[in-house]
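S.K.: I need the structure of the sequence given here:
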Amino acid sequence: MLQFPGVLIVVLLVTLGFLLLSLFAPRSGENLLRRFENVFTKLAERKTLAIGILFFSVIILRLSVLKLLPIPIPGIHDEFSYLLMGDTFAHGRLANPTHPMWMSFETFHVNWIPTYSSKYPPAQGLVLAMGYLLGLPWIGVLLSTAAMVAAILWMLQAWLPARWALLGGIMVALKFGIASYWMNSYWGGAVAAIGGALVMGALPRIMRRPHTRDALWLGLGMAILANSRPFEGLLLCIPVVFCFLWWLAGRMKSDMAMRASAEKILLPLGVALILTSAFMGYYNLRLTGNATLFPYTLNARTYEPAGLFLWDHPREPLHYNNRQFDDFYNGWELDNYNNSWQDVWRVTAEKLTRSANTYFWWGALLLLPGLPFVFRDRKMRLPLAVFFLITAGFFTVIWSMPHYAAPMTAMIILLLVQATRHLRTMKVAGRPVGRALSRAAIVLLAVDTAFAVAHGVCDPLHWSCQGDPSRAAIIEKLSQTREKHLIIVRYGENHNVHDDWVFNGADIDGAKVLWARETNAEQNARLFDYFRERKIWLIYPEVDNTELLPYPPPR
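M.R.: Residues are numbered from 1 along each chain as shown. Next comes the predicted model:
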């Protein structure tokens, strides 16, 4: 969690400064800081304006630091799979036909039979498709992250006074909107967080004053969750549905109230959920040939010997068409988790470390004194239930990327803001020490983000948003030429299984540059014959990541 050397010193100095101000100059310090806070209070009271300003502020701030944090280069297998999905949607189709030479193009986290398509749910792909249509897939990431910040602010406005909701929105913008892999990669996170925010923002509005608009927001949020993080989204919806039914049962005592609920809430929500189910069934049918077979499930059956949950036992090692898949699936994945208690504790520690880096910062420790009071708030029971249920589900899964828990992002921020509110009421010998600590925590979040930008760090996890620029440089260079190119990738004995280069877009035959695996002589000969009009190159990723050699003709 030590993102920068000396960060603890900064934490101590900032905290000490605010404490000294509260102890020795409480009145003058309070007057100065309250003037600054009043500006935000006036803005917060204009709720729609605050949402709009925060949305555009995220976009402007992120674009303003492009020199320090440039447009991200994909590097993780999953990113390329999502980019394929976005490219496919941008071409106006849900899936691509299986290519005759698919064995040479076989790609991680992608299905090839019965269609050439990503294994992941479609929500993130729709965001990237929007980016493709606007000229750059990252534009979709930028807009979705800004929309996430706006959606969480909208959600917080249903649970908190306006100024505290705006504080939470600013916290989200600082933590996720600039130096986070949610913004600086193609891996996702923001879309599922939007879904969670819409569900948790619509429910209290419906319970206070039923309105068709909020029923549609609730349905949209559930649809986004089902098509981004279905497992974690289901866990979020369980307590939400329970609360909704409890509220609905209370309205059944009045025929008029029940009739209004049916017209304004149940009917539009039911239509939204039916349309969502129909789309998901059709999507599955187009990609897998079976309305009830998800692409993720098909990919797991085809490629994954490892399990998904901690209690799953691995299958027998599978046979693959190339050594890279064998090294990854039969090697790295099975070595990573082998159903021992030692493995359980190790992957649990990984989840704790990675999630702490993603969702929190060192200054958040200052909010701990206010946290116990949050558990006593009746209003926080539902957010706490969602938080604990998703957390439990998150820790039952073997794999440990923080964006898996993205649906509960808004709940984490809500609980942090509520802890801040309690902390601000605490005094020591009549001095506003709690206010000093709460202000120090927010300032330290801003400092942490500023440090990351100044050092060009795209995410606290470092490795999660730093793709190899060599591959992108080759594509850029060859795209300037007249010919079409086919690059054969020959991996060495000590190849890094996480640094694969064979990824292509939706239109393989029409692509200017293609990447293919060097396989057996027979498959290579078929590949070269099929693409005989292309210029064929050979590359060794481990030797020189930019040197292209003419490929020798097949013998």
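S.K.: hey, let's count contacts and neighbours off CA atoms from now on
M.R.: Will do.
S.K.: can you pull the pLDDT of the closest residue to H403 other than its chain neighbours?
M.R.: Counting by CA to CA, 6 or more residues apart in numbering, G189 is the residue found nearest to H403 once chain neighbours are left out, at 4.8 Å. On pLDDT, G189 comes in at 94.
S.K.: next: the one 3 residues further on.
M.R.: What the model reports as pLDDT for A192 is 98.
S.K.: also L21?
M.R.: Looking at L21, its pLDDT stands at 61.
S.K.: list the contacts of the residue nearest to H403.
M.R.: Counting by CA atoms under 8 Å, 6 or more residues apart in numbering, G189 makes contact with 182, 403-404, 406.
S.K.: most widely separated two among the residues you listed?
M.R.: The largest separation in these, counting by CA to CA, is between W182 and Y404 at 11.4 Å.
S.K.: the more surrounded of these two?
M.R.: Taking other CA atoms under 10 Å, W182 and Y404 do not tie; W182 has more neighbours (28 against 24).
S.K.: which of the three states applies to the more buried one?
M.R.: Secondary structure, DSSP: H, G, I helix; E, B strand; the rest coil: W182 is coil.
S.K.: ditto for V447
M.R.: V447 carries the three-state label helix when classified by three-state DSSP.
S.K.: what's the answer for T481, then?
M.R.: At T481 the chain is in coil, as set by three-state DSSP.
S.K.: residues near it, how many?
M.R.: Using other CA under 10 Å, T481 has 10 neighbouring residues.
S.K.: give the contact list for it.
M.R.: Counting by CA under 8 Å, 6+ apart, T481 has no contacts.
S.K.: switch to 10 Å and redo it
M.R.: Going by CA atoms under 10 Å, 6 or more residues apart in numbering, T481 touches K512.
S.K.: surely Q480 touches K512?
M.R.: Yes - using CA atoms under 10 Å, Q480 is in contact with K512, at 9.5 Å.
S.K.: pick out whichever of these two has more residues nearby.
M.R.: Higher neighbour count among Q480 and K512: K512, with 18 against 9, using other CA under 10 Å.
S.K.: surely A50 meets A151?
M.R.: No - when contacts are counted by CA under 10 Å, A50 is not listed as touching A151 (11.4 Å).
S.K.: show me the shaky parts of this structure.
M.R.: Residue ranges of the chain with pLDDT under 70: 1-8, 10-12, 14-15, 18-36, 255-257, 544, 553-555.
S.K.: all helices for the stretch 351-500 of the chain, in order.
M.R.: Taking DSSP state H, counting those that start in this stretch, the helices of the stretch 351-500 of the chain run over residues 371-374, 381-394, 409-424, 433-454, 469-479.
S.K.: nearest to W341, of those helices?
M.R.: helix 381-394 (17.3 Å).
S.K.: which strands or helices does the closest one pack on?
M.R.: Other helices and strands packing on helix 381-394, by 3 or more CA pairs under 10 Å, 6 or more residues apart in numbering; DSSP states H and E, are helix 190-208, helix 230-251, helix 409-424.
S.K.: send the alpha carbons of that helix over as CSV?
M.R.: C-alpha atoms of helix 381-394 as CSV (Å, rounded to 0.1, in the frame of the first residue of the first chain):
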residue,chain,number,x,y,z
ARG,A,381,-28.8,-1.1,7.6
LEU,A,382,-29.5,-1.7,3.9
PRO,A,383,-26.1,-0.3,2.6
LEU,A,384,-24.3,-2.4,5.3
ALA,A,385,-26.2,-5.5,4.3
VAL,A,386,-25.2,-5.0,0.7
PHE,A,387,-21.6,-4.3,1.7
PHE,A,388,-21.3,-7.4,3.8
LEU,A,389,-23.1,-9.7,1.3
ILE,A,390,-21.0,-8.6,-1.7
THR,A,391,-17.8,-8.7,0.4
ALA,A,392,-18.6,-12.3,1.5
GLY,A,393,-19.2,-13.2,-2.2
PHE,A,394,-16.1,-11.5,-3.3
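S.K.: now the angle from it to helix 190-208?
M.R.: Our comparison of helix 381-394 with helix 190-208, counting by axes from the mean of the first three to the mean of the last three CA atoms, to 10 degrees, yields an angle of 150 degrees.
S.K.: which residues sit against helix 381-394?
M.R.: With CA under 10 Å, 6+ apart as the criterion, helix 381-394 contacts 159, 200, 231-240, 242-243, 309, 348, 351, 374-375, 377, 396, 400-402, 404-412, 414-415.
S.K.: likewise stretch 288-297?
M.R.: With CA under 10 Å, 6+ apart as the test, stretch 288-297 has contacts from 95, 109-121, 278-287, 298-299, 301-302, 304.
S.K.: repeat that for 8 Å
M.R.: If you take CA under 8 Å, 6+ apart as the criterion, stretch 288-297 is touched by 111, 113-115, 118-121, 280-285, 287, 298.
S.K.: out of those, list just those in helices.
M.R.: Secondary structure assignment by DSSP state H places 280-285, 287, 298 of the contacts of stretch 288-297 in helices.
S.K.: with neighbour count and distance to F56 as added columns, please give those residues in JSON lines.
M.R.: Formatted as JSON lines, those follow (neighbours: other CA atoms under 10 Å; distance: CA to CA, whole Å):
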{"residue": "M280", "neighbour count": "20", "distance to F56": "32"}
{"residue": "G281", "neighbour count": "16", "distance to F56": "36"}
{"residue": "Y282", "neighbour count": "17", "distance to F56": "35"}
{"residue": "Y283", "neighbour count": "22", "distance to F56": "33"}
{"residue": "N284", "neighbour count": "20", "distance to F56": "35"}
{"residue": "L285", "neighbour count": "16", "distance to F56": "38"}
{"residue": "L287", "neighbour count": "26", "distance to F56": "36"}
{"residue": "L298", "neighbour count": "18", "distance to F56": "40"}
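S.K.: distance to L143 added to those, as a markdown table?
M.R.: Listed next are the ones in helices among the contacts of stretch 288-297 as a markdown table, based on distance: CA to CA, whole Å:
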| residue | distance to L143 |
| --- | --- |
| M280 | 24 |
| G281 | 28 |
| Y282 | 27 |
| Y283 | 24 |
| N284 | 27 |
| L285 | 30 |
| L287 | 27 |
| L298 | 31 |
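S.K.: closest one of those residues to M258?
M.R.: Within the ones in helices among the contacts of stretch 288-297, the smallest distance to M258 is 30.5 Å, found for M280 (CA to CA).
S.K.: tell me which residues touch that closest one, please.
M.R.: Shown in contact with M280 (CA under 8 Å, 6+ apart): 227, 291.
S.K.: residues in contact with the closest residue to F328 other than its chain neighbours?
M.R.: Once flanking residues are discounted, F328 sits nearest to V497: 5.7 Å by CA to CA, 6+ apart. Contact partners of V497, counting by CA under 8 Å, 6+ apart, are 324, 327-328, 332.
S.K.: so how far is H77 from V497?
M.R.: V497 is 10 Å from H77, where distance means CA to CA, to the nearest Å.
S.K.: one more: E45?
M.R.: E45 is 44 Å from H77, by CA to CA.
S.K.: tell me the contacts of D499?
M.R.: Each residue near D499 by CA under 8 Å, 6+ apart is listed here: 75-77.
S.K.: got the phi/psi numbers for it?
M.R.: phi -120, psi 70 (degrees, to the nearest 10).
S.K.: now the one 4 residues further on
M.R.: The phi and psi values for F503, taken as degrees, to the nearest 10, are phi -140, psi 140.
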